[in-house]
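Visitor: Sequence and predicted structure, then a few things I'm wondering about:
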Amino acid sequence: MRPFAAMLCCCVGATLGCAGHAADAPAEDAAELSFQIAAEPGDEHAAEVARLMESGPESDEDSERDWLPILDLVHYTDDEDRIGYVSEWLEESTDDDGPSAMAARESLVDFFEAHRGVVAAPYDGRMYLRVSAIPEGMMATGQGWSVLDARQQQDDLGRPSVVLRFDERGTELMSALSGKHVGRMMAVVLDGEVITSPRIHMRLGGAITLTGDYSQEEIDALLRALRGTD
């Protein structure tokens, strides 16, 4: 499934009503969804990056941040050439601990810092994103909120999108989280994997829209995961 990537924006309730369908009740086995602010590049992360590349995410000793795997790299590149050499670096990073592998790992870290403004690093053939793990920097399932509705829609440009509508508690949390971190990247995490990490351009509210270049099958897969249906 390619990531739902290109945009994260606020959506008013009236727009959601245009779909003409009743909201689906959240299922008990629905996927776990969270929104976590991505760490910004800085020297303080150098030791964390080195530890991840050497020993993996389980070696993390920081209780305030997590390393989460990125589902798909397509979102983090602008064109086919870039996804090509990012993929090559990732493959080379798993070869051994020689100069070539180390250079590939450093190239990946530098690429994500320069082009996406995030802290990310490779381990065992996957890229991991550094995100907040404290209440002030995340909106997690255990905080007592839920998605009231998840549905397909079109954005203002006619592109397919997925709209998520939160309950009252979720609206309060998203407003507080996004308002405090305008300008930062926010990871959208589904069952422990980062599906996208768009930049927050404004304070968000009771509904958000995920827009990207993806197929109908991919949209259906996300909606099934959020609704807990087969």
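Guide: On my side now, so go ahead. Values in this document were obtained by computation on a predicted structure and should not be read as measured data.

Visitor: And R169, how far from P122?
Guide: Distance, R169 to P122, using Cβ to Cβ, to the nearest Å: 37 Å. The C-beta positions use only the backbone N, C-alpha and C, and glycine is treated the same way.

Visitor: Between those two, which is the more surrounded one?
Guide: P122 (26 against 13; other Cβ atoms under 10 Å).

Visitor: Okay, and the more buried one sits in which element?
Guide: P122 belongs to strand 120-123 when assigned by DSSP states H and E.

Visitor: Check the average confidence over that strand, would you?
Guide: Per-region confidence: strand 120-123 scores 96 on mean pLDDT.

Visitor: now stretch 95-103
Guide: The average pLDDT for stretch 95-103 rounds to 86.

Visitor: go on, stretch 195-212?
Guide: For stretch 195-212, the per-residue pLDDT averages 87.

Visitor: Name the residues of that stretch that are buried.
Guide: Buried residues in stretch 195-212, defined by neighbour count with 16 or more other Cβ atoms under 10 Å: 195-198, 200, 204-212.

Visitor: which regions of the chain sit below the pLDDT cut-off?
Guide: Residues of the chain meeting the criterion pLDDT under 70: 1-30, 75, 78-79, 212-214, 228-230.

Visitor: how about 80 then?
Guide: Within the chain, the stretches with pLDDT under 80 are 1-31, 74-81, 96-97, 155-160, 211-218, 221, 225-230.

Visitor: Tell me where the longest helix sits in it.
Guide: Taking DSSP state H as the criterion, the chain has its longest helix at helix 99-116.

Visitor: what packs against that one?
Guide: Judged by 3 or more Cβ pairs under 8 Å, 6 or more residues apart in numbering; DSSP states H and E, helix 99-116 is in contact with helix 80-92, strand 120-123.

Visitor: Pick the most deeply packed of those.
Guide: Of these, the one with the most neighbours on average (mean count of other Cβ atoms under 10 Å) is strand 120-123, at a mean of 24.

Visitor: which element follows that strand toward the C-terminus?
Guide: Heading C-terminal from strand 120-123 (DSSP H and E), you reach strand 126-132.

Visitor: which residues are contacting that next one?
Guide: 36-39, 45, 48-49, 52, 57, 64-70, 73, 76, 90, 108, 112, 118-122, 137-138, 187, 189, 194, 197 (Cβ atoms under 8 Å, 6 or more residues apart in numbering).
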